[in-house]
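In: only geometry, no sequence info:
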């Protein structure tokens, strides 16, 4: 039923899409945040999540409902939507989390899918095996066989219009993740959760999460909606969206509130440490930290949970606007400055610049050079890869501004850090209209030097002269030997 997902806009691997959920009679705009509803605890009611926070989709646990007599009877009698008082789309988990936590569950994929269908779930989940990070390869392979059998079993169940998840496992073995994704993509299932990454996020191993998602994306088709299971902290939403994730489920809004923790896009704060609220949501404009601290446990938890939801949904809206404006990577770079582990994650993202470039729009509104990491963005890679498409004269001067020796050459091109050489006729085209700081770092010049090397490699018949007076030695070392250096002085450190 893959026609359920349609792409509307994109930037890097991030995209705005429409996920059609036939059983709910809904189309959900992605990227979307799915609040987790504990069937036994209602910190914020599903009706309020829909009416006040804009939740179009939520997730709850069918295994818990099935194993709790009164919940099971209500769900079968009323259906999930009436039971939870929520008219949007509802995703249900199968008990795989309990399997990972406790080692055993008493249900099969066929049984839990039939139950999910019976209670009115819109997107159901089979019983996969969430292999923890750093498991041995033998364990990961054995667990993956079990998960793949669960997907095969899921295909045999009559699910009608209910969508079915095809979880992607494989622990931290990237080749297994890619193979698992390719296998899942070949099934008739609909949504593709990347599972068992919560322990990595809890340990701030964002670079590993990025590598795992990148591996999964390599195995999936472009029309495959991707759910990053358990990714509920707003600090990492932009990074995960840029990597190509479409759905996120958050229990963090409630769990953190229970521990007096206050979510921000910059990290987590403890209520006891706050004198002022750095937020403009309704909770933070009406209350002070001292005022909330004075409330009862239940009221304090509710207020913090509502703030956590406001900041999480607000970040999703901010990300969508960044995709529309074509500056998602600038937002990711801003978020990366909030924590060293986030910076690791952003650098890991740029390790996959080739993968990003294949999906990244060829033209956008702006390119802001914000740090050395900007020199590794996919737009730089694309410009340099496409230098072979340009026609070059017999002799070429690469310079900025006027040069007294320009008339000695057949043509004069710009050499613009971090992109490298480009004909002056392209100066007003994206990304050569980039906004650059006056004090560029060495990485920008080194990237430009790699562009010069690429030009020489693809046009060996052209005599290239580089005339510049502000390149560092590290960049000059990357200039090919065949390039003539004219009036060039090393920059003083």
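Out: Looks like it came in fine. Only a predicted model underlies this, so the values are computations on that prediction, with no experimental measurement involved.
In: pLDDT averaged over stretch 26-46, what's the number?
Out: The average of the pLDDT scores along stretch 26-46 is 94.
In: Pull the distance from it to the chain's centre.
Out: Centroid separation between stretch 26-46 and its chain, computed with C-alpha atoms, centre = their mean, to the nearest Å, is 19 Å.
In: Stretch 468-483 now?
Out: The chain centroid and the centroid of stretch 468-483 are separated by 36 Å under C-alpha atoms, centre = their mean.
In: how long is it end to end?
Out: Stretch 468-483 stretches 12 Å from its first residue to its last (C-alpha to C-alpha, to the nearest Å).
In: tell me the average confidence for that stretch?
Out: Throughout stretch 468-483, pLDDT has a mean value of 89.
In: Would you indicate which residues of it are buried?
Out: 468, 471, 472, 475, 476, 478, 479, 483 (16 or more other C-beta atoms under 10 Å). The way it works is simple: take the backbone N, C-alpha and C, and place the C-beta from them, glycine included.
In: would you turn those into a markdown table with distance to residue 259 and secondary structure?
Out: As requested, those are exported to a markdown table (distance: C-beta to C-beta, whole Å; DSSP: H, G, I helix; E, B strand; the rest coil):
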| residue | distance to residue 259 | secondary structure |
| --- | --- | --- |
| 468 | 55 | coil |
| 471 | 52 | coil |
| 472 | 48 | coil |
| 475 | 49 | helix |
| 476 | 54 | helix |
| 478 | 50 | coil |
| 479 | 55 | coil |
| 483 | 59 | coil |
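In: from the residues you listed, which two are the most distant?
Out: 472 and 483 (16.2 Å; C-beta to C-beta).
In: who's in contact with residue 8?
Out: If a contact means C-beta atoms under 8 Å, 6 or more residues apart in numbering, then residue 8 has 15, 16, 17, 18 as its contacts.
In: Apply 6 Å and report the result again.
Out: By C-beta atoms under 6 Å, 6 or more residues apart in numbering, residue 8 lies in contact with 16, 17.
In: Repeat that for the one 3 residues further on.
Out: Taking C-beta under 6 Å, 6+ apart as the definition of contact, the neighbours of residue 11 are 323, 326, 328.
In: Who's the closest spatial neighbour of the first one, skipping the chain neighbours?
Out: Sequence neighbours aside, residue 11 is the residue nearest to residue 323 in space, at 4.6 Å (criterion: C-beta to C-beta, 6 or more residues apart in numbering).
In: Just grab the bridge partners of the one you found for me.
Out: residue 14 (DSSP bridges).
In: Ranking helices and strands of this structure by mean pLDDT, which lands last?
Out: Here the helix or strand of the chain ranked lowest by mean pLDDT, DSSP states H and E is helix 96-102, holding a mean of 63.
In: Run through who's touching the very next helix or strand once past that helix.
Out: Following helix 96-102 in sequence order, the next helix or strand is helix 109-118 (DSSP states H and E). Contacting residues not belonging to helix 109-118 are listed as 62, 66, 92, 94, 124, 126-127, 150, 153-154, 157, 159, 162 [C-beta under 6 Å, 6+ apart].
In: what do you get for stretch 426-443?
Out: With contacts defined as C-beta under 6 Å, 6+ apart, stretch 426-443 is touched by 363, 364, 367, 368, 369, 372, 375, 379, 417, 422, 472, 474.
In: could the residues you listed be laid out in TSV, adding secondary structure and distance to residue 139?
Out: Formatted as TSV, the contacts of stretch 426-443 follow (DSSP: H, G, I helix; E, B strand; the rest coil; distance: C-beta to C-beta, whole Å):
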residue	secondary structure	distance to residue 139
363	coil	46
364	coil	44
367	coil	44
368	strand	44
369	coil	44
372	helix	39
375	helix	40
379	helix	40
417	coil	47
422	strand	51
472	coil	48
474	helix	44
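In: TSV please, covering the residues you listed and showing distance to residue 346.
Out: Conversion of the contacts of stretch 426-443 to TSV gives the following (distance: C-beta to C-beta, whole Å):
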residue	distance to residue 346
363	23
364	18
367	16
368	15
369	15
372	11
375	13
379	15
417	20
422	26
472	23
474	22
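In: In ChimeraX, select just the buried ones from these.
Out: Restricted to buried positions by 16+ other C-beta under 10 Å, the ChimeraX selection for the contacts of stretch 426-443 reads:
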select :364,367,369,372,375,379,417,422,472
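In: of the contacts of stretch 426-443, closest to residue 252?
Out: residue 368 (30.0 Å).
In: Is the closest one in contact with residue 330, as I believe?
Out: Yes - in this structure, residue 368 is within contact of residue 330 by C-beta atoms under 6 Å, at 5.1 Å.
In: coming back round to it: return a PyMOL selection command for the buried portion of the contacts of helix 109-118.
Out: Restricted to buried positions by 16+ other C-beta under 10 Å, the PyMOL selection for the contacts of helix 109-118 reads:
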select buried, resi 62+66+92+94+124+126+127+150+154+157+159+162
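In: Narrow the contacts of helix 109-118 to those in helices?
Out: 62, 66, 150, 153, 154 (DSSP state H).
In: Please list all residues in contact with the third one.
Out: Read that as residue 150. 109, 126, 127, 128.
In: Okay, the closest residue to residue 477 other than its chain neighbours and residue 415: tell me how far apart.
Out: Excluding its sequence neighbours, the residue lying closest to residue 477 (C-beta to C-beta, 6+ apart) is residue 449, at 7.9 Å. In this view, residue 449 and residue 415 are 9 Å apart by C-beta to C-beta, to the nearest Å.
In: the more surrounded of those two?
Out: Ranked by neighbour count (other C-beta atoms under 10 Å), residue 449 and residue 415 place residue 449 first, with 26 against 23.
In: Assign that one to helix, strand or coil.
Out: Put simply, residue 449 is helix when judged by DSSP: H, G, I helix; E, B strand; the rest coil.
In: Sketch out the strands for the stretch 101-250 of the chain, chain order is fine.
Out: Listed in chain order, the strands of the stretch 101-250 of the chain (DSSP state E, counting those that start in this stretch) span 123-124, 163-164, 192-194, 226-228, 247-250.
In: Starting from the last one, tell me which strands it pairs with and how they run.
Out: When sheet partners are counted by DSSP bridges, strand 247-250 sits next to strand 32-37 (parallel), strand 226-228 (parallel).
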